[in-house]
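Chemist: here you go, sequence then predicted model.
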Amino acid sequence: MTSYNSPSSLEAGLKCRCPRCGQGKLFSGFLGLADKCEVCGLDYGFADPADGPAFFVMSGVGVIVVAAWAWWAIAANPPVWLQLAVVFPAVIGGCLATLRPVKAWLVAEQFVHKAEEGRIASPGKHGEGGFCIDRRATSDRQTGEQP
Ligand SMILES: [Zn+2]
C-alpha cells in the first residue's frame, strides 16, 4: 500500500488540494469538485459537504462584516450611501473569497474522519453466524453421544 504525505485538513483546505496527497486539484470549476485526484487517483465521490460551506461562510463573514460595520458606523458616522457601498461588496467579496477554501477544508475533514451518511450494518442478517455455529454444535454433540 502506498503511503501518502497527507497535509493537515486545514492546509489542504487553504490550498484547495487533494486531502490524501496534497498535490492534486480538488476543484474542477469554481465550486464543483473534480471526479478524482489527478495525482494519487483518490475518488472524490465520498465528498459531500452539502450546504456546510455556505452556512459557515455566510455566518462567519456576516458576523465579521457586520461587527466591523457597526464599529465604523458608530466611530466615524459615515454617510449611509458610503456604508452601503462598502458593506455590500465586503459581504459578497468575503463570501466568494472564502467559499472555496472552506469547502476544501470540509471535504478534507470528511476524508480524515471518514464521515459519511449513516447506514444499517446488516439488514436482515442478525444472528446469521450464530445459527450456523448452533447447528454444528448440535450435530457434534449428537455424534459425540453415539458409541
Ligand atoms: Zn491526491
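Modeler: Alright, I've got the coordinates. These numbers were taken from a predicted model, which means no experiment stands behind them.
Chemist: pLDDT value on the closest residue to Ser28 other than its chain neighbours, please?
Modeler: By the measure of C-beta to C-beta, 6 or more residues apart in numbering, the closest residue to Ser28 outside its immediate chain neighbours is Ala34, 4.2 Å from it. Yep, even glycine has a C-beta here, placed from its N, CA and C like the rest. Listed pLDDT for Ala34 reads 93.
Chemist: any idea what sits nearest Cys21, other than its immediate chain neighbours?
Modeler: Nearest non-adjacent residue to Cys21 (C-beta to C-beta, 6+ apart): Cys40, at 3.9 Å.
Chemist: repeat that for Val107.
Modeler: When the adjacent residues along the chain are set aside, Val107 lies closest to Ala47, with 4.3 Å between them (C-beta to C-beta, 6+ apart).
Chemist: what's the burial count for the one you found?
Modeler: Here the neighbour count serves as a burial measure; for Ala47 (other C-beta atoms under 10 Å) it reads 20.
Chemist: what helices or strands is the biggest helix by length in the chain leaning on?
Modeler: The helix of greatest length in the chain, counted in residues with DSSP state H as the criterion, is given as helix 80-113. Using 3 or more C-beta pairs under 8 Å, 6 or more residues apart in numbering; DSSP states H and E as the contact test, the elements touching helix 80-113 are helix 9-15, helix 52-76.
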